[in-house]
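Engineer: fold the following for me, if possible:
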Amino acid sequence: VPLELINQDWIFRSINVSRRYDSLKRFIDIALAAPAFLFSLVFIYPFVFLAIALDDGGPIFYSQQRIGKHGKPFSVYKIRSMENLPTNEIKEVKKVTRVGSFLRKTRIDELPQLWNVIKGDVSLVGPRPETPLLVKEYADKVPFYNVRHIVRPGLSGWAQTQQHEVPKFGVDIKQ
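Structural biologist: Below is the predicted model:
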């Protein structure tokens, strides 16, 4: 459908999500995320904790505000893969750690987000939640961008399966 023929009413009429579908999707999210979270907690996290402690000894986790369903903010949890570097500039410079590079390539840094799935902040599959600053920027530039907030955001989305480079805006990532 050509974009010029689409308006917000068309989008809402085209999306027909039933309560049964929502309930089934939530059940599948919990049925898959809970065992994966417990497995990672027992068999993966200890090695990650040790690797980070030996690499730079900094904090293991960090959280960041993201925008979820109905535009509500929530905290997303991740394993820290970057370190802040002191600079003389106002802008903060971050660098991917040695362990962080491996964690990002294998997506292990995303495992704490299974807790977000269990809590109901995100689903296993859906549009990736963005930071409030990027949501504002995208909403100003991308037609119908905010329509994505009518569904629960996802731990995995199109970009994770299709993009191999992680795009970051306004952050200097040096390896």
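Engineer: what's the offset of the lengthiest helix in the chain from the middle of its chain?
Structural biologist: Identified as the longest helix of the chain according to DSSP state H is helix 19-43. The chain centroid and the centroid of helix 19-43 are separated by 16 Å, computed with CA atoms, centre = their mean, to the nearest Å.
Engineer: could you do stretch 43-53 as well?
Structural biologist: Distance, centroid of stretch 43-53 to centroid of chain: 21 Å (CA atoms, centre = their mean).
Engineer: and if you look at stretch 120-127?
Structural biologist: Between the centre of stretch 120-127 and the centre of its chain there are 9 Å (CA atoms, centre = their mean).
Engineer: what does it rub up against?
Structural biologist: Here stretch 120-127 makes contact (CB atoms under 8 Å, 6 or more residues apart in numbering) with 25-26, 28-29, 32-33, 68, 74-76, 113, 116-117, 129, 148, 151-158. Where C-beta positions appear, they are placed from N, C-alpha and C, glycine not excepted.
Engineer: list the buried residues in that stretch.
Structural biologist: Buried residues in stretch 120-127, counted by 16 or more other CB atoms under 10 Å: 121, 122, 123, 124, 125, 126, 127.
Engineer: CA atoms of that stretch as CSV?
Structural biologist: Taking Å, rounded to 0.1, in the frame of the first residue of the first chain, the C-alpha atoms of stretch 120-127 are listed here in CSV:
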residue,chain,number,x,y,z
GLY,A,120,5.7,-8.0,31.0
ASP,A,121,7.6,-4.9,30.0
VAL,A,122,8.5,-6.5,26.7
SER,A,123,7.6,-9.5,24.6
LEU,A,124,10.0,-11.9,23.0
VAL,A,125,9.2,-10.5,19.6
GLY,A,126,8.1,-7.0,18.7
PRO,A,127,9.4,-3.6,17.8
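Engineer: and the average pLDDT for that stretch is what?
Structural biologist: Averaging pLDDT along stretch 120-127 yields 95.
Engineer: cool, and stretch 32-52?
Structural biologist: Here the average pLDDT along stretch 32-52 is 97.
Engineer: re earlier: after the longest helix of the chain, which helix or strand is next?
Structural biologist: Of the helices and strands lying after helix 19-43 in sequence (DSSP states H and E), the nearest is helix 45-55.
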